[in-house]
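Enquirer: Fold the following.
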Amino acid sequence: MRLSAISLFNAGVVLVTLALHTQAATINATYQNGAGQIWSDTQKGVIGQAIHDWQSVIGNNETISVTFDFTHAGTGGYLGVWFGTYSLFEGTDVYPWTPGVTHTVHFNVDLFSGTNSTWWDPTPATSDDLPFEAWDALSVARHEIAHMMGFTNNNFYVDNFSTPSEFDKWSSHISGTTFDPGGLNVTMEADLSHVADSGTTQDDLMVIALVNGVRRDISTTDLSMLQLAYGYTIVPEPSSIVMLLGTALVGLLGLARRQRKRQA
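Expert: Coordinates of the predicted model:
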């Protein structure tokens, strides 16, 4: 049995698909009530949008099941966290869809209220109504699904499980804290499951903390890293994705008052 817990997050970026495709990943969601919360239609709609966003760019014809639930993690805890577990036969090649692998994404209900709180967008296809002081649940969901798809350094997605030739598909591309040196050349955080919030990956979906008042989208860098590590079919290919940069949101209080919150 293995257990991995990963923390959470390109603001103003929209991915535009330039090619039609017939195959795509299928992500099946189960919603589990808990911690005094019942899933609303609005909350399910946010998760559905995040799932749609990932299904539209992963072209592998595979089905992944994941449970979304609510937990208490305290006001100093995470916004969201992904857990993956499995108990598999020796020699198994492990992917998110491998039979026997289970996924759960927890949302911390202790951050659902207050001046700075998790916000569930009733119209998740647009971001023009995102409150300046709120943490965007859609960004959290996209981030945690990215961990599920492979942003994890816990020796979780491996070739040849429990054999002498076993190796981790993700960390095998990392030297020190650099993912694919001389190629993609992405600087990672120390946990090697998040990209650095600086340089070319500043404000990327997969940085470790989310700033309030910001929505983050799946980036070409995220997709290129997953493609290299796991051989995913990306639709369209990362080089064919158009990035439309929106106007930066600057409130009257200024960026200095915006709070970062750890995503897991």
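
Enquirer: Specify the local secondary structure of residue 65.
Expert: Classification of residue 65 by DSSP: H, G, I helix; E, B strand; the rest coil places it in strand.

Enquirer: Contacts only, for it.
Expert: Shown in contact with residue 65 (CB atoms under 8 Å, 6 or more residues apart in numbering): 27-28, 30, 102-103. C-betas here are computed from N, CA, C, even on glycine.

Enquirer: And the residue nearest to residue 166 when sequence neighbours are not counted, how far from residue 89?
Expert: Distances taken as CB to CB, 6 or more residues apart in numbering place residue 160 nearest to residue 166, at 4.7 Å, with adjacent residues excluded. For residue 160, the distance to residue 89 equals 11 Å [CB to CB, to the nearest Å].

Enquirer: of these two, who's got more company?
Expert: The residue with more neighbours, out of residue 160 and residue 89 and counting by other CB atoms under 10 Å, is residue 160; that gives 14 against 8.

Enquirer: Run a quick neighbour tally on residue 35.
Expert: 15.

Enquirer: Tell me what the closest residue in space to it that isn't next to it in sequence is bridged to.
Expert: Spatially, and ignoring its direct neighbours in sequence, residue 35 is nearest to residue 70 (4.2 Å; CB to CB, 6+ apart). For residue 70, the beta-bridge partners under DSSP bridges are residue 107.

Enquirer: wait, doesn't residue 70 sit right on residue 40?
Expert: No: shown here, residue 70 and residue 40 do not form a contact pair, counting by CB atoms under 8 Å, at 11.3 Å.

Enquirer: So between the two, which is more surrounded?
Expert: Relative neighbour count places residue 70 above the other of residue 70 and residue 40, with 20 against 12, counting by other CB under 10 Å.

Enquirer: now the more buried one: how far from residue 37?
Expert: Taking CB to CB, one finds residue 70 at 4 Å from residue 37.

Enquirer: what touches both of these two?
Expert: residue 109.

Enquirer: so residue 34 bridges to which residues?
Expert: Here residue 34, judged by DSSP bridges, has bridge partners residue 37.

Enquirer: Now do it against residue 67, distance only.
Expert: Counting by CB to CB, the gap from residue 34 to residue 67 is 10 Å.

Enquirer: In three-state terms, label the most centrally placed residue in the chain for me.
Expert: Closest to where the C-alpha atoms of the chain average out (CA atoms, centre = their mean) is residue 143, at 2.1 Å. Three-state call for residue 143 (three-state DSSP): helix.

Enquirer: Give me the mean pLDDT for the longest helix along the chain.
Expert: For the chain, the longest helix by residue count, based on DSSP state H, is helix 41-55. Throughout helix 41-55, pLDDT has a mean value of 98.

Enquirer: now do stretch 162-177
Expert: Stretch 162-177 comes out at a mean pLDDT of 97.
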